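> Quick one: sequence and predicted model below, then my questions.
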Amino acid sequence: MKLAQMIGTLMGVGYLRPAPGTWGSLVSLPWAWLVHVIGGFPLLLLGVFAAFLKGWWATDRMTSGSHDHDPSEIVVDELVGQWIAVLPLSYAAWSMEISILALWPGWIAAFVLFRFFDITKLGPIGWADRMNTPLGVMLDDVIAGLFAAIGVVVLAALYHGVM
């Protein structure tokens, strides 16, 4: 398997059916946990940037010369968006020196919210998707991840009585 395909499909996860984007998001969660355990919030944040750049490159290579700007097997964008969605959990666990697994309701919220925003393509998410470019493929999931991260913070604030 070529390097771009390995990155773009998350080592073949993008070929799982049905719903390869959901599989990509689901597989991203244990990797986010591992990166957090190794280096905390700073490493996960760095991982988001590295995965975005590698994903953009892989998407460009995989779609070059194709009329399909966003083939379903490309799921590295889901990894980036899902990691963004769990960043608030990583920051909270890292800054309070607690296990990130103690924040398990937030993991569920991050997954569900990210999938919701990624599938519905509301507002600027749809705008990025309509760019029909490798950058747009990555950006729509970045924006969906940001919306999901905001949702995670709002839900946590509501649960903890801050709001």
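Perfect, I can see it now. Note that the structure is predicted; figures quoted are calculated from it, not measured.
> what mean pLDDT does the top helix by length along the chain have?
Longest helix in the chain, counting residues (DSSP state H): helix 20-63. Taken as a whole, helix 20-63 has an average pLDDT of 97.
> From start to finish, how long is stretch 93-103 in a straight line?
8 Å (C-alpha to C-alpha, to the nearest Å).
> What's the first helix or strand after the worst-scoring helix or strand of the chain on mean pLDDT?
Within the chain, no helix or strand scores below helix 124-129, which has a mean of 93 by mean pLDDT, DSSP states H and E. With elements assigned by DSSP states H and E, the helix or strand that comes after helix 124-129 is helix 134-159.
> just checking, what packs against that next one?
Using 3 or more C-beta pairs under 8 Å, 6 or more residues apart in numbering; DSSP states H and E as the contact test, the elements touching helix 134-159 are helix 20-63, helix 76-96, helix 104-120, helix 124-129. C-beta here means a position set from N, CA and C on the backbone, and glycine is covered the same way.
> could you redo the ones you listed as JSON lines and give each row mean neighbour count?
As requested, the helices and strands packed on helix 134-159 are exported to JSON lines (neighbours: other C-beta atoms under 10 Å):
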{"stretch": "helix 20-63", "mean neighbour count": "19"}
{"stretch": "helix 76-96", "mean neighbour count": "25"}
{"stretch": "helix 104-120", "mean neighbour count": "19"}
{"stretch": "helix 124-129", "mean neighbour count": "17"}
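> May I see those arranged in JSON lines, with distance to F147 as well?
Output for the helices and strands packed on helix 134-159, formatted as JSON lines (distance: least, C-beta to C-beta, whole Å):
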{"stretch": "helix 20-63", "distance to F147": "14"}
{"stretch": "helix 76-96", "distance to F147": "9"}
{"stretch": "helix 104-120", "distance to F147": "5"}
{"stretch": "helix 124-129", "distance to F147": "7"}
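> right, so of the ones you listed, which gets closest to V162?
Closest approach to V162 among these is made by helix 76-96 (12.4 Å; C-beta to C-beta).
> helices or strands next to the longest helix of the chain in the packing?
In terms of contacts (3+ C-beta pairs under 8 Å, 6+ apart), helix 20-63 is packed against helix 3-8, helix 76-96, helix 104-120, helix 134-159.
> so which of those gets nearest G126?
That would be helix 134-159 among the helices and strands packed on helix 20-63, by C-beta to C-beta, at 7.5 Å.
> and the closest one, which residues are buried?
Residues 134, 136-149, 151-153, 155-156 are the ones in helix 134-159 that count as buried (16 or more other C-beta atoms under 10 Å).
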